[in-house]
Structures are given as C-alpha cells and as structure tokens.
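**Student:** need coordinates for the following:
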Amino acid sequence: MNLLLETPRLLLRPLVLSDAEALFELNKNPEVHKYLWQTPEKEIEESIKVIEYVNRQYAENNIGRFATILKETGEFIGWTGIKFVNDHIENGNTNFFDYGYRLAEPFWNKGYATEATKFWLDYGFTQMNIEKMNAYTHAQNGASNHILQKSGMVFMEDYTDAVGVIWKWWQMNNPNG
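**Tutor:** Numbers count the residues shown, from 1 in each chain. Next up, the predicted model:
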C-alpha cells in the first residue's frame with residue numbers, strides 16, 4: 001500500500017518492517033498495555049509479526065492501522081487508523097470497520113490521539129464511504145473514552161469479554177449519507 005496522509009501535526013503512512021524497533025518500544029511498555037489485555041511484548045519478533053499482519057490487511061482490505069509520525073521531528077509516535085475486523089467476533093460483531101489507535105506514552109495528553117481520530121473518522125466516511133464506524137475501549141480507559149466521545153462517536157453499550165473485562169462499544173454513522 002502506498003498512501004501518505006497528513007493532519008496539521010501528523011504524517012500517516014502504512015507500517016513497514018523498518019518500524020519494528022519503534023513499534024516494539026511502544027508495545028513493550030506496561031503502561032501502554034494497562035487497558036490492553038496486560039500483555040506487553042517481550043521480543044521484537046512480536047512487533048514484526050504485527051507489521052506483517054497489518055500488511056496482509058492492507059492487501060486484503062485496502063486499509064489497516066497506519067504508522068503515525070510527528071511531522072515536527074519525524075518520530076514514530078504510534079499507530080492510528082481504520083481496520084476491517086473479519087478475523088474474530090467482538091461484542092457479537094464481525095465484518096465491521098473499527099477505528100483504533102495506540103500511542104507511545106511520551107505523546108499522551110498532547111492532542112495527537114484526538115487529531116488522528118477526527119482525521120480517520122472523516123477519511124473513513126468521505127474517502128471510503130463507510131456506512132458505520134465502530135470502536136471499543138476498556139471501560140476504565142477514561143482518556144480513550146473521552147476522545148471517542150468528543151470526536152462524535154456514540155457510546156452504545158458496555159459488554160463483557162471472555163475473561164470478564166468490561167469494554168465500551170462505540171459507533172458513528174456516516175454523517176454524509
């Protein structure tokens with residue numbers, strides 16, 4: 001996939017294998033995984049597998065999570081973007097578009113997640129003509145829940161996963177149609 005997108009402060013591009021080290025730094029941080037199943041990565045090979053998986057999504061679905069780069073410094077700050085979920089069931093759903101993001105801890109509370117979220121929702125609705133965007137967050141992740149709400153997503157319901165963790169299900173219909 002050869003697509004470069006940008007917001008006022010961010011560059012958004014497909015993940016590539018050379019992102020593995022930066023992705024591993026992000027994914028090995030226990031704080032980043034506080035609301036993500038508590039499974040920080042232990043080996044860089046795990047990040048390589050994630051990049052390979054996302055690259056298969058680009059090929060199969062023409063979309064996937066994108067590397068998110070700070071324009072000012074060129075730093076990899078995490079990933080953001082739209083994923084077509086067709087490989088598992090989430091809250092009774094499959095074959096749906098999901099918005100998600102994961103940023104490195106030094107880049108929290110700077111507005112980057114909100115900037116990327118608003119961009120990707122607009123992109124999904126105007127460029128991809130997605131009818132309905134979904135997202136799900138850990139019920140206790142106040143920051144992510146707030147970002148989704150202020151970006152226009154609507155809280156639909158709480159649901160419990162297979163291990164008893166409560167998640168919030170968010171949704172937004174295409175405002176253009």
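**Student:** alpha carbons only for contacts and neighbour counts from here, please
**Tutor:** OK.
**Student:** secondary structure class for Phe125?
**Tutor:** Using DSSP: H, G, I helix; E, B strand; the rest coil, the structure places Phe125 in helix.
**Student:** what about it, how many neighbours?
**Tutor:** By the criterion of other C-alpha atoms under 10 Å, Phe125 has 19 neighbours.
**Student:** buried ones in the top helix by length along the chain?
**Tutor:** The longest helix of the chain (DSSP state H) is helix 44-61. Buried residues in helix 44-61, counted by 16 or more other C-alpha atoms under 10 Å: 44, 46-48, 50-51, 54-55, 57-58.
**Student:** which helices and strands does whichever helix or strand Trp167 is part of pack with?
**Tutor:** Counting by DSSP states H and E, the element that carries Trp167 is strand 166-173. Applying 3 or more C-alpha pairs under 8 Å, 6 or more residues apart in numbering; DSSP states H and E, one finds that strand 166-173 contacts strand 132-138, strand 154-160.
**Student:** can you show me the strands along the chain?
**Tutor:** 5-6, 10-14, 65-70, 76-85, 96-103, 132-138, 154-160, 166-173 (DSSP state E).
**Student:** who wins for proximity to Leu23 among the ones you listed?
**Tutor:** Among those, strand 76-85 comes nearest to Leu23, with 6.9 Å by C-alpha to C-alpha.
**Student:** just the mean pLDDT for the closest one, thanks.
**Tutor:** Average pLDDT, strand 76-85: 97.
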